[in-house]
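In: just coords:
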């Protein structure tokens with residue numbers, strides 16, 4: 001049964017009464033009012049995505065880019081140093097939030113997007129855990145029975161809430177008979193329960209915005225934040241949000257994004273894998289834009305170097321942080337040789353990002369926090385950031401630099417095909433089990449890397465690509481590799497069903513736009529996704 005009834009809003013899935021302190025009447029009223037106020041513009045923005053053309057610098061907003069005077073409003077002192085950020089995937093598990101918040105990082109990305117499987121059960125559990133984290137009451141017991149509690153606010157990392165991308169729906173919540181974007185549901189609940197208290201404690205409300213496709217979507221978020229601030233009596237600009245640059249279109253509108261969010265923005269982040277996925281998706285039908293093995297997509301490539309320089313240059317020009325992407329490596333208990341190798345890889349990669357001008361970066365494994373902190377300390381010394389340096393001029397980065405995706409070497413190997421199949425299958429199988437990420441060969445894989453993997457398979461088959469040893473990447477090759485992987489991991493729950501889903505996407509006549517939406521709406525997911533036990537209702 002539903003906890004409460006609110007005019008105009010309908011929960012299509014029951015919520016156990018134990019979460020009545022999270023999904024409250026006040027929270028649902030805010031969710032309803034947010035959708036009524038901003039739903040029409042959201043729908044228009046989603047339609048605009050479908051008709052957007054080739055990415056370009058907009059002539060109609062040139063005055064914003066060419067005005068050297070405006071700046072983003074200063075962030076509060078607690079956000080002046082964000083060198084080490086840890087991502088918390090699968091936050092429906094309380095141990096994840098406790099371990100990352102207590103890790104010694106500067107901040108934690110509390111993820112409802114790339115590393116979250118959004119069945120309604122998971123989302124409610126994640127919201128409950130996050131509210132507990134903000135309240136300082138969250139805890140878990142390990143296998144030995146020892147309790148671990150989240151540290152007090154002055155001794156833990158700051159929590160940055162990362163709602164779902166605007167294209168992802170919450171199909172279990174309707175407002176006035178319409179399904180709403182998941183981001184508004186997550187924002188409404190977290191805002192109601194935690195925003196005012198976190199502001200008073202000087203630890204929020206802080207957010208991360210993902211998969212924006214244009215600056216108008218940033219303006220939409222700015223208006224949403226202002227609506228919430230006014231409703232709660234908070235000063236305008238209390239919210240601070242990091243914008244992840246995960247769309248090749250948005251790379252052309254960074255100045256406009258910051259201008260529209262100048263009261264509410266804390267910085268820009270280089271979301272490498274989602275960014276590459278967006279390039280594949282936009283140029284999927286053009287053989288000139290075929291990508292090589294994912295392992296060959298490094299930061300030295302012209303189009304990736306250009307967007308990184310653009311993010312750093314624009315951010316520092318406007319007075320805010322630029323942070324780099326995530327180190328996906330994980331440590332393994334008892335394997336000291338592997339752990340030393342991983343620590344060296346992470347140190348060198350993050351030191352390189354600091355030398356490039358980034359002010360911080362992201363980790364998956366919280367045990368690597370000291371390694372990354374040391375990497376940035378060797379470059380920044382005692383400085384909290386490099387904003388004042390502003391050594392990169394974004395005006396020197398051309399449209400051709402940003403669009404140089406066609407300049408990759410296009411080397412495809414059998415090992416690359418195998419990697420793409422493994423990552424896609426393991427991730428889809430994990431989603432069917434209700435898990436938002438999965439470890440494959442000791443690296444974490446989330447929706448971004450799974451999207452690239454399955455897109456590359458489609459792209460290689462579609463354009464009749466050939467491996468470096470002369471084998472054609474066709475349906476028979478991919479089928480054979482899928483069969484071999486499925487047999488090797490036949491005891492993995494969801495693997496058999498994942499093969500069927502990946503087959504549908506790989507051999508579709510047109511590229512499926514989003515794996516996450518395709519799986520979320522698939523009847524297999526509806527059948528297998530975890531639900532609350534009726535005994536708990």
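Out: Perfect, thanks for sending it. This one's a predicted model, so the numbers in the text were calculated from it and none came from an experiment.

In: following element in sequence after the host helix or strand of residue 281, please.
Out: Assigned by DSSP states H and E, residue 281 belongs to helix 272-282. Using DSSP H and E, the helix or strand that follows helix 272-282 in sequence is helix 302-317.

In: pull out the buried positions in that following helix.
Out: 302-317 (16 or more other Cβ atoms under 10 Å). For the C-beta atoms, the positions are set from N, CA and C on the backbone; glycine is no exception.

In: just give me the residue closest to the centre of this structure.
Out: residue 114 (4.5 Å; Cα atoms, centre = their mean).

In: what's the closest non-adjacent residue to that one?
Out: The spatial neighbour of residue 114 that comes closest, neighbours along the chain excluded (Cβ to Cβ, 6 or more residues apart in numbering), is residue 446 at 4.1 Å.

In: check contacts around that neighbour.
Out: Neighbour list for residue 446: 89, 114-115, 427, 436-437 [criterion: Cβ atoms under 8 Å, 6 or more residues apart in numbering].

In: what does residue 85 give?
Out: Counted by Cβ under 8 Å, 6+ apart, residue 85 has contacts 105-109, 160, 323, 360-363.

In: does anything pack onto the helix or strand in which residue 444 is found? Which helices or strands?
Out: Using DSSP H and E, residue 444 falls within strand 443-445. Contacts defined by 3 or more Cβ pairs under 8 Å, 6 or more residues apart in numbering; DSSP states H and E place strand 443-445 against helix 414-432, strand 438-440.

In: single out the most deeply packed of these.
Out: Across those, averaging neighbours per residue (mean count of other Cβ atoms under 10 Å) puts helix 414-432 on top, at a mean of 24.

In: just checking, what packs against that helix?
Out: Using 3+ Cβ pairs under 8 Å, 6+ apart, helix 414-432 sits against strand 438-440, strand 443-445, helix 447-462, helix 475-488, helix 495-506, helix 515-520, helix 523-528.

In: can you list those in a markdown table and add mean pLDDT and distance to residue 213?
Out: Supplementary listing: these in a markdown table, determined by pLDDT from 0 to 100; distance: least, Cβ to Cβ, whole Å:
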| stretch | mean pLDDT | distance to residue 213 |
| --- | --- | --- |
| strand 438-440 | 97 | 27 |
| strand 443-445 | 96 | 24 |
| helix 447-462 | 97 | 15 |
| helix 475-488 | 98 | 29 |
| helix 495-506 | 98 | 21 |
| helix 515-520 | 97 | 15 |
| helix 523-528 | 95 | 25 |
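
In: how near is the closest residue to residue 246 other than its chain neighbours to residue 446?
Out: Nearest residue to residue 246, sequence neighbours excluded (Cβ to Cβ, 6+ apart): residue 274, at 3.4 Å. Residue 274 sits 9 Å away from residue 446, taking Cβ to Cβ, to the nearest Å as the criterion.

In: can you list residues touching both of these two?
Out: With Cβ under 8 Å, 6+ apart as the test, residue 274 and residue 446 both reach residue 114.

In: give me the buried positions along the strand holding residue 444.
Out: 444-445.

In: which residues touch it?
Out: 89, 115, 328-330, 364-365, 423, 426-427, 437-439.

In: for the stretch 1-150 of the chain, which spans come out with low pLDDT?
Out: By pLDDT under 70, the weakly predicted segments of the stretch 1-150 of the chain are 1-3.

In: in it, which spans are strands?
Out: Using DSSP state E, counting those that start in this stretch, the strands found in the stretch 1-150 of the chain span residues 9-11, 84-88, 107-111, 139-141, 147-149.

In: before we move on, the earlier item: and the residue nearest to residue 246, how many neighbours?
Out: Residue 274 sits with 24 neighbouring residues when counted by other Cβ atoms under 10 Å.

In: residue contacts, it?
Out: 114, 210-211, 244, 246-247, 448, 451.

In: so who does residue 370 touch?
Out: Applying Cβ under 8 Å, 6+ apart, the residues near residue 370 are residue 104.

In: where does it land in three-state SS?
Out: Recorded secondary structure, residue 370: helix (DSSP: H, G, I helix; E, B strand; the rest coil).

In: pLDDT score assigned to it?
Out: Residue 370 carries a pLDDT value of 98.

In: repeat that for the one 4 residues further on.
Out: What the model reports as pLDDT for residue 374 is 98.

In: against residue 81, how distant is it?
Out: Residue 374 is 15 Å from residue 81, by Cβ to Cβ.

In: same deal with residue 7?
Out: 45 Å.

In: so which of the two has more stuff around it?
Out: Neighbour comparison, residue 7 and residue 81: the larger count goes to residue 81, with 17 against 8 (by other Cβ under 10 Å).

In: contacts only, for that one.
Out: Neighbouring residues of residue 81 by Cβ under 8 Å, 6+ apart: 106, 360, 384-385.

In: also residue 35?
Out: 175-176, 178, 180, 184.

In: filter these down to the buried ones and hand me the ChimeraX line.
Out: Buried residues within the contacts of residue 35, by 16+ other Cβ under 10 Å, are selected in ChimeraX with:
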select :175,180,184
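
In: which pair in the contacts of residue 35 spans the largest distance?
Out: Spatially, the most separated pair among the contacts of residue 35 is 176 and 184, at 13.2 Å (Cβ to Cβ).

In: dump the strands of the stretch 1-150 of the chain into TSV; add distance to residue 405 as well.
Out: Output for the strands of the stretch 1-150 of the chain, formatted as TSV (distance: least, Cβ to Cβ, whole Å):
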stretch	distance to residue 405
strand 9-11	43
strand 84-88	26
strand 107-111	27
strand 139-141	43
strand 147-149	45
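
In: tell me where the stretch 151-300 of the chain has strands.
Out: 158-162, 169-175, 178-181, 206-209, 240-245, 265-270.

In: so which of the ones you listed comes closest to residue 462?
Out: Taking Cβ to Cβ, strand 240-245 is the member of the strands of the stretch 151-300 of the chain nearest to residue 462, at 26.9 Å.

In: quick one: average pLDDT of that closest one?
Out: Mean predicted lDDT for strand 240-245 stands at 98.

In: and if you look at stretch 405-417?
Out: 96.

In: I'd say residue 324 and residue 350 touch.
Out: Yes. Taking contacts as Cβ atoms under 8 Å, residue 324 lies within contact range of residue 350: 7.4 Å.

In: need the residues touching each of those two.
Out: Counting by Cβ under 8 Å, 6+ apart, the contacts common to residue 324 and residue 350 are residue 361.

In: give me the buried positions along the lengthiest helix in the chain.
Out: Ranked by number of residues, the top helix in the chain under DSSP state H is helix 25-51. For helix 25-51, the neighbour count (16+ other Cβ under 10 Å) marks 27-35, 38-39, 42, 45 as buried.

In: please apply the same query to stretch 463-475.
Out: Here stretch 463-475 shows 463, 465, 467, 473 as buried, counting by 16+ other Cβ under 10 Å.

In: tell me which of the residues you listed fall in strands.
Out: The members of the buried residues of stretch 463-475 all map outside strands under DSSP state E.

In: read off the pLDDT value for the residue of the chain positioned farthest from its centre.
Out: Residue farthest from the centre of the chain, counting by Cα atoms, centre = their mean, is residue 470 at 36.4 Å. For residue 470, the pLDDT comes out at 97.
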